[in-house]
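Student: fold the following.
(chains A and B)
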Amino acid sequence: MGTGIRRADRIRSHLLDNLTALIEVQGLTKFYGERPAIQDVTFSVPRGQVLGFLGPNGAGKSTTMRILTGFIGATSGSASVGGFDVFRQSLEVRRRVGYLPETTPLYNEMRVDGFLKLMCKLRGVPPSRRRERVGDAIESCGLEERRTEVIGRLSRGLRQRVGLAQAIVHEPDALILDEPTAGLDPGQTRETRDLIKQLGRRHTVILSSHILSEVEATCERVLIINQGRIVADGAPGELAHRLGSGRRHEVELVVRGEAEAVEAAVRGVAGVDEVTVSPDGEGAVRVIVTTSLADLRETLSRAVILAGFGLLEVQERALSLEDVFLQLTAAEGS
Amino acid sequence: MSKAAKRKARARQRTKQTVRAARRPVVPAPVPKKVERRPAVQAEAVAQGPGGADALYSLLSRSGLPRVSAIARRDFTALFVSPVGWVVAGLFVFLVSGFGFIATVLAGQQATMAGVFGVITNFLMVVLIPLLTMRVLAEERAQGTLELLLTSPVRDWELTAGKWVGAFAFYVMLIATTIVYVVILRVYAAGLDLGLIGATYLGLVLVGAAAIAIGVLASSLTRNQIVAFFIAMALLLMIWYAGYVIGFFVAPPANLFFEYIGGWNRFQAFSLGQAALRDIVYFVTLTFGALFLTTRVLASRRWR
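Tutor: A predicted model of the protein is given here:
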């Protein structure tokens, strides 16, 4: 009875899911007393995306995540996950979100599988599916050999894996990970990153970090947040590029020849503003050319070769995400 | 793990993922857009499940009972893993046997449970129950696990009730051990008023329920367990004795009012063998009042 209608419903909701964003945040503002933690934060995350939340400590990353997971309220603005309002339909949202808080809180006296089973119960996984879900989460996070170990005796990296396992145990649509690699050693950091990348294939992920290389390595899209406001939004490469254009370009050449003669040849090219020459190995010089025009690599190399010098290297110096980040946060801060 | 084994495990995972990826578009996870559509989706989930157990579960799940019992069970077992549970149980058994039984019954040569009950009401209520409840929410807050619980689909009252049930079960277990003495007295002494003893046990259970609720409330107010202990003890001392003490100093007829609202006086009726409705209502109200306040404290995180 009513299967036709139900199927139509299902198809429609499936279509809607693909069209609309999974997470929608609109003008979110939160004050702690007089101090604003975040101000007018607006963004949306489509299904399947891995989004990085980048900002210095205290920028408002954790606050935004805690609001999205229904842990705290907001002063104004709205947020929704999977079409459910974070404030009015909090339980529905919490069913669809897996959350790893910054400090990786776990029950230290419990065993890994017992803890995951408890989380299954709390998140409404039906009894018949619990064993499968716990097994799946344990396998996804590489905890097969630690299944019956007491959580309090695990290393920091393994605790982090248990934290990730509890976040995915109820098959949430969205994963929200607050500084998932904070406090790990380099080996554990790499492990955790790989794990997050793997989880990103199945889930929509928002992760926060104050480490640039991490976001650059794991995320398709970056939101840079500083002093409670979003200051940039885009793919890691694109962000660097966007900030690069409109400012000065730098081209770096390594040329075999005598310094002064090379400098004269380079200065002759139209559009060159500044030239710095430094010695680079035997008989070669490194020339850094600043220009206001878009891309002078071809013109420059032609000029160098026509002047009779040997061109060893030429490359455009792109701004790294680190440069972008520093520029943006410095501008905000001053 | 050897390299070959690792490779194999990875391959297994890959096939798993592709299977899942292939399955996904065929059966799209029906994410309802409106709350009204929820019952239909749940009914569907039940139909897909392997029958009875899950159907029952989805019914129960709406009432919140599975989550209350999950939290209560975790807390109950945590008491056996942590030293606090053993300290409380050890002290209880020591005091009840030492002062309540050996001193009054064996040394004092009286066939009475008064000593046992006296120890429970004087010491257990105001010291051991705060010890038992101080960690329930304060520890979760300090360790951050509260964030884990409250970002799970658990309602505030389900968490509060779970915490209360866990500690209450431990308390009932402690009280139950004293039935041994009733049995001993019954065997060796003929004239034992079982009705009186029954009424007193009912009173103890009700008083304990209220005291634990107040302990849970105190624990919800802070992240420091020691502070939670003292808040609970202060509140319990006040509720338990203040009416009695104030009533003693205040001139009549005002003293009647203070004596009337004091917990100690309300418990007296039970120890005289009367299970009066007004006293039952008194302790039940205290219990629910404290638990309700706890849910409000938990909810305050949303507008603070």
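Student: and residue 12, what's its pLDDT?
Tutor: Using chain A. For A:Arg12, the model assigns a pLDDT of 61.
Student: oops, I was thinking of chain B
Tutor: Reading off the model, B:Arg12 has pLDDT 57.
Student: stretch A:165-182 and chain B in contact?
Tutor: Yes: using CB under 8 Å from any CB of the partner chain, stretch A:165-182 reaches chain B at A:166, A:173. In this view, the C-beta of every residue, glycine as well, is placed from N, C-alpha and C.
Student: ok, now which ones touch residue 301?
Tutor: In the absence of a named chain, this looks at chain A. Counting by CB atoms under 8 Å, 6 or more residues apart in numbering or on different chains, A:Ser301 touches A:253, A:311, A:314.
Student: my bad, the chain I had in mind was chain B
Tutor: Counting by CB under 8 Å, 6+ apart, B:Arg301 has contacts A:71-73, B:150.
Student: dump these to CSV, plus neighbour count and secondary structure.
Tutor: Converted to CSV, the contacts of B:Arg301 look like this (neighbours: other CB atoms under 10 Å in any protein chain shown; DSSP: H, G, I helix; E, B strand; the rest coil):
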residue, neighbour count, secondary structure
A:Phe71, 22, coil
A:Ile72, 19, coil
A:Gly73, 17, coil
B:Leu150, 23, helix
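Student: out of the contacts of A:Ser301, grab the one that's most surrounded.
Tutor: Using other CB atoms under 10 Å in any protein chain shown as the neighbour test, the contacts of A:Ser301 are led by A:Leu253, with 25 neighbours.
Student: hang on, it in a strand?
Tutor: Yes: counting by DSSP: H, G, I helix; E, B strand; the rest coil, A:Leu253 is found in a strand.
Student: below-threshold pLDDT in the stretch 101-250 of chain A: ranges please.
Tutor: A:240-249 (pLDDT under 70).
Student: residues from it in reach of chain B?
Tutor: Near chain B, when you scan the stretch 101-250 of chain A using CB under 8 Å from any CB, you find A:101, A:103, A:105-110, A:118-119, A:121-124, A:126-129, A:139-140, A:144-145, A:166, A:173, A:201-202.
Student: now the residue in the stretch 101-250 of chain A that chain B sits nearest to: closest residue in space that isn't a chain neighbour?
Tutor: Residue nearest to chain B within the stretch 101-250 of chain A (CB to the nearest CB): A:Pro105, separated by 3.3 Å. Leaving aside its sequence neighbours, A:Pro105 sits nearest to B:Gly144 (CB to CB, 6 or more residues apart in numbering or on different chains; 3.3 Å).
Student: so B:Thr177 is in contact with B:Ser97, correct?
Tutor: No: B:Thr177 is not in contact with B:Ser97 according to CB atoms under 8 Å; the separation is 9.7 Å.
Student: between the two, tell me which one has more neighbours.
Tutor: Neighbour tally, B:Thr177 and B:Ser97, criterion other CB under 10 Å: the higher count belongs to B:Ser97, 18 against 13.
Student: quick revisit: name the nearest of the contacts of A:Ser301 relative to chain B.
Tutor: A:Val314 (40.9 Å).
Student: in what helix or strand does the closest one lie?
Tutor: Secondary structure from DSSP states H and E places A:Val314 in strand A:310-316.
Student: tell me, how many residues neighbour whichever residue of the stretch 101-250 of chain B sits closest to chain A?
Tutor: Per CB to the nearest CB, B:Gly144 is where the stretch 101-250 of chain B lies closest to chain A, at 3.3 Å. For B:Gly144, the neighbour count with other CB under 10 Å is 15.
Student: and A:Val25, by the same measure?
Tutor: Burial of A:Val25 is recorded as 23 neighbouring residues (other CB under 10 Å).
Student: could you look up the SS state of the most centrally placed residue in chain A?
Tutor: In chain A, the C-alpha nearest the mean C-alpha coordinate belongs to A:Gly52, at 1.8 Å (CA atoms, centre = their mean). Three-state assignment for A:Gly52 (three-state DSSP): strand.
Student: what pairs with it across the strands?
Tutor: Residues in a beta bridge with A:Gly52, per DSSP bridges, are A:Leu207, A:Val222.
Student: what about B:Ala234, how many residues nearby?
Tutor: B:Ala234 - counted by other CB under 10 Å - has 13 other residues nearby.
Student: before we move on, what about A:Gln315?
Tutor: When neighbours are defined as other CB under 10 Å, A:Gln315 has 11 of them.
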